[in-house]
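A.B. asks: Below are the sequence and a predicted model; questions follow.
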Amino acid sequence: MTKPKPCPPAPGPLEEYAARFDDLFSHVAQRRGFREYLAGLLQPRSRNKTLTCLADAEPVAGAGSPPAQRLQFFLSESCWDPDRINERRLRLLLADPATAAHAGGVLVIDDSGDRKDGTATAFAGRQWLGRLGKTDNGIVTVTSLWADERLYFPLHAQPYTPARRLPGGKNDPAFRTKWQIAVELAAAAIQAGVGVRAAVADCAYGDLDNFRAELRRIGLAWVMALRARRGTWAYGPGAYTPREAARELGWAGPDQPGDWQRVERTFRDGHTETWWAGEARLGAWGPDGLTRLVVATADPATLPDKATWYLATNLPRPGSPRTADSPHQAADLAELVRLYGIRNWIEQSYKQIKDELGWADFQVRSDIAIRRHQALVNCAFSFCWAAWFADPPPPAMPSASAVERGRDRLIPAASKRPAVPLGPQLAPHTPRGPKLADPGHCAHTLVAGMVQSAPAR
């Protein structure tokens with residue numbers, strides 16, 4: 001076999017990471033494009049990370065420049081498989097002891113919507129965009145993520161195709177709902193050897209009986225949120241919604257909790273909060289049923305909307321008759337609250353991927369180009385973890401005023417890494433032209449800055 005031709009190296013530690021993907025590219029131009037694209041994604045954001053930004057070209061006017069056209073061809077026309085790139089990325093993460101997934105983590109299922117104009121772009125259509133909180137024209141991607149209390153990383157992503165874009169609509173053989181795509185992503189995670197304790201998702205997926213049934217079929221445990229007013233059939237005057245079921249639990253105050261159990265939640269800044277959890281009954285759901293209904297709240301007396309979780313799970317209760325027949329280890333109330341609490345990492349992941357790495361900044365239209373962009377963004381994200389653990393930065397000194405308490409999130413403001421100081425670290429090179437300074441001259445510093453500030457402590 002002919003030895004691959006060398007290509008210009010990527011800056012700093014990025015070269016060692018990029019070299020692990022070289023055998024998946026058949027031409028030196030592809031290997032070069034892979035390095036240039038990742039380096040562009042990792043540079044500090046000064047504008048949307050479109051192809052002209054990644055190529056260090058002037059917006060709009062620089063779209064025809066050779067660097068921008070080279071990246072355009074790499075993304076849209078070149079022949080390489082994004083699924084193989086993602087498979088290699090996951091293999092590297094799982095093989096590294098610092099990032100290896102273990103059976104105590106969770107598989108987070110969610111979807112992300114981003115606005116896109118027109119209908120010429122693949123997957124684009126008028127649909128609900130959760131990030132905007134309204135129905136608009138855009139693209140929705142179903143994603144899976146692995147997380148524990150220490151780290152998190154994306155696994156798979158698949159854009160959703162609205163029914164109106166298919167010839168047969170919802171009856172078209174190619175049409176798949178978001179929850180059907182989510183089941184496929186969960187199965188792909190199992191096939192990749194990702195160890196998880198349970199799959200977790202918000203009420204957009206947890207309310208779907210078919211989704212939970214399919215996860216049960218493929219052998220996954222799950223802890224799913226439910227809407228407080230999700231209705232179910234019940235006998236006579238029994239509870240008809242999770243909120244009604246929660247109000248039937250006895251509570252006479254912290255000293256007489258009745259049916260509630262104290263649960264201590266520990267956050268990443270070290271502070272703790274006292275929550276309360278209880279086993280509720282709703283129809284066929286109960287402590288010893290195939291599905292348990294668990295309510296976790298900061299205040300059982302008022303059940304505040306923003307601090308109350310209504311959770312459905314197929315994990316058996318310790319001591320339940322189901323423990324002998326269930327393929328899953330029993331989980332007490334504290335364990336269920338812990339598992340669903342890890343789900344908050346998905347919001348942090350989207351923040352890093354979208355706000356720093358340009359997840360939705362692509363300006364391509366084809367199916368393959370969009371999926372390639374998403375695979376490359378995930379590679380850039382995973383590189384940050386690789387560089388973080390290979391050469392961890394010194395710990396930041398948090399200020400007490402920066403820690404935000406009382407909010408339901410895992411990362412306080414004080415845990416954010418300080419920005420890399422500029423000045424003497426920047427190479428004293430002059431720009432190549434009068435319109436834009438060339439960040440390529442100081443790419444080592446730029447990549448280091450991205451590693452210092454993301455993903456998270």
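C.D. replies: All right, it came through fine.
A.B. asks: only C-alpha atoms for contact and neighbour calcs from this point on.
C.D. replies: Will do.
A.B. asks: all helices for the chain, in order.
C.D. replies: 14-19, 28-42, 51-54, 66-76, 82-95, 178-191, 203-206, 209-217, 242-247, 333-341, 345-355, 367-390, 443-453 (DSSP state H).
A.B. asks: Would you mind giving those as CSV with distance to Arg115, mean pLDDT and mean neighbour count added?
C.D. replies: As requested, those are exported to CSV (distance: least, CA to CA, whole Å; pLDDT from 0 to 100; neighbours: other CA atoms under 10 Å):
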stretch, distance to Arg115, mean pLDDT, mean neighbour count
helix 14-19, 31, 94, 17
helix 28-42, 20, 94, 22
helix 51-54, 18, 88, 23
helix 66-76, 21, 93, 19
helix 82-95, 23, 97, 17
helix 178-191, 18, 97, 19
helix 203-206, 20, 94, 19
helix 209-217, 26, 96, 15
helix 242-247, 34, 93, 22
helix 333-341, 28, 96, 20
helix 345-355, 12, 77, 18
helix 367-390, 14, 93, 21
helix 443-453, 25, 53, 22
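A.B. asks: So for Gly105, which of those helices sits nearest?
C.D. replies: Across these, Gly105 has its closest neighbour in helix 333-341 (7.8 Å, CA to CA).
A.B. asks: And for that closest one, what's in contact with it?
C.D. replies: Helix 333-341 is contacted from outside by 105-106, 198, 200, 223-224, 261, 263-265, 277-278, 294, 296, using CA atoms under 8 Å, 6 or more residues apart in numbering.
A.B. asks: of the helices of the chain, which approaches Arg150 most closely?
C.D. replies: helix 345-355 (9.9 Å).
A.B. asks: other SSEs contacting the closest one?
C.D. replies: Other elements packing on helix 345-355 under the criterion 3 or more CA pairs under 8 Å, 6 or more residues apart in numbering; DSSP states H and E are strand 152-159, helix 367-390.
A.B. asks: looking at these, which is closest to Trp80?
C.D. replies: Of all these, helix 367-390 sits nearest to Trp80, with 8.8 Å by CA to CA.
A.B. asks: okay, the angle between that closest one and helix 66-76?
C.D. replies: Counting by axes from the mean of the first three to the mean of the last three CA atoms, to 10 degrees, helix 367-390 lies at 100 degrees to helix 66-76.
A.B. asks: Extract the CA atoms of helix 367-390 and return them as PDB.
C.D. replies: C-alpha atoms of helix 367-390 as PDB (Å, rounded to 0.1, in the frame of the first residue of the first chain):
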ATOM      1  CA  ASP A 367     -28.000  16.300   3.300                       C
ATOM      2  CA  ILE A 368     -24.500  15.000   3.300                       C
ATOM      3  CA  ALA A 369     -22.800  18.400   3.800                       C
ATOM      4  CA  ILE A 370     -25.000  19.100   6.900                       C
ATOM      5  CA  ARG A 371     -24.300  15.800   8.500                       C
ATOM      6  CA  ARG A 372     -20.600  16.200   7.800                       C
ATOM      7  CA  HIS A 373     -20.600  19.600   9.400                       C
ATOM      8  CA  GLN A 374     -22.300  18.200  12.500                       C
ATOM      9  CA  ALA A 375     -19.700  15.300  12.700                       C
ATOM     10  CA  LEU A 376     -16.800  17.800  12.500                       C
ATOM     11  CA  VAL A 377     -18.300  20.000  15.200                       C
ATOM     12  CA  ASN A 378     -18.500  16.900  17.500                       C
ATOM     13  CA  CYS A 379     -14.900  16.100  16.600                       C
ATOM     14  CA  ALA A 380     -13.800  19.600  17.700                       C
ATOM     15  CA  PHE A 381     -15.800  19.200  20.900                       C
ATOM     16  CA  SER A 382     -14.200  15.800  21.700                       C
ATOM     17  CA  PHE A 383     -10.700  17.200  20.900                       C
ATOM     18  CA  CYS A 384     -11.300  19.700  23.700                       C
ATOM     19  CA  TRP A 385     -11.700  16.900  26.200                       C
ATOM     20  CA  ALA A 386      -8.700  15.000  24.800                       C
ATOM     21  CA  ALA A 387      -6.500  18.100  25.200                       C
ATOM     22  CA  TRP A 388      -8.000  19.000  28.600                       C
ATOM     23  CA  PHE A 389      -7.100  15.600  30.100                       C
ATOM     24  CA  ALA A 390      -3.800  15.400  28.400                       C
END
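A.B. asks: quick check: angle from it to helix 28-42?
C.D. replies: For helix 367-390 against helix 28-42, the angle by the same axes, to 10 degrees is 70 degrees.
A.B. asks: contact partners of helix 367-390?
C.D. replies: Helix 367-390 has contacts (CA under 8 Å, 6+ apart) with 13-14, 17, 37-38, 41-42, 75-76, 81-83, 85-86, 89, 93, 98-99, 122-123, 153-154, 157-159, 353, 357-359, 362, 364, 450-452, 454-455.
A.B. asks: pLDDT for the contacts of helix 333-341 - can I get that in TSV?
C.D. replies: Formatted as TSV, the contacts of helix 333-341 follow (pLDDT from 0 to 100):
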residue	pLDDT
Gly105	95
Val106	96
Ala198	97
Val200	97
Val223	98
Met224	97
Gln261	96
Val263	96
Glu264	94
Arg265	92
Ala277	97
Gly278	97
Val294	97
Ala296	97
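A.B. asks: Please indicate which of the residues you listed are buried?
C.D. replies: 105-106, 198, 200, 223-224, 261, 263, 265, 277-278, 294, 296 (16 or more other CA atoms under 10 Å).
A.B. asks: Report the separation between Asp355 and Leu41.
C.D. replies: For Asp355, the distance to Leu41 equals 11 Å [CA to CA, to the nearest Å].
A.B. asks: and if you look at Trp345?
C.D. replies: Going from Trp345 to Leu41 by CA to CA gives 21 Å.
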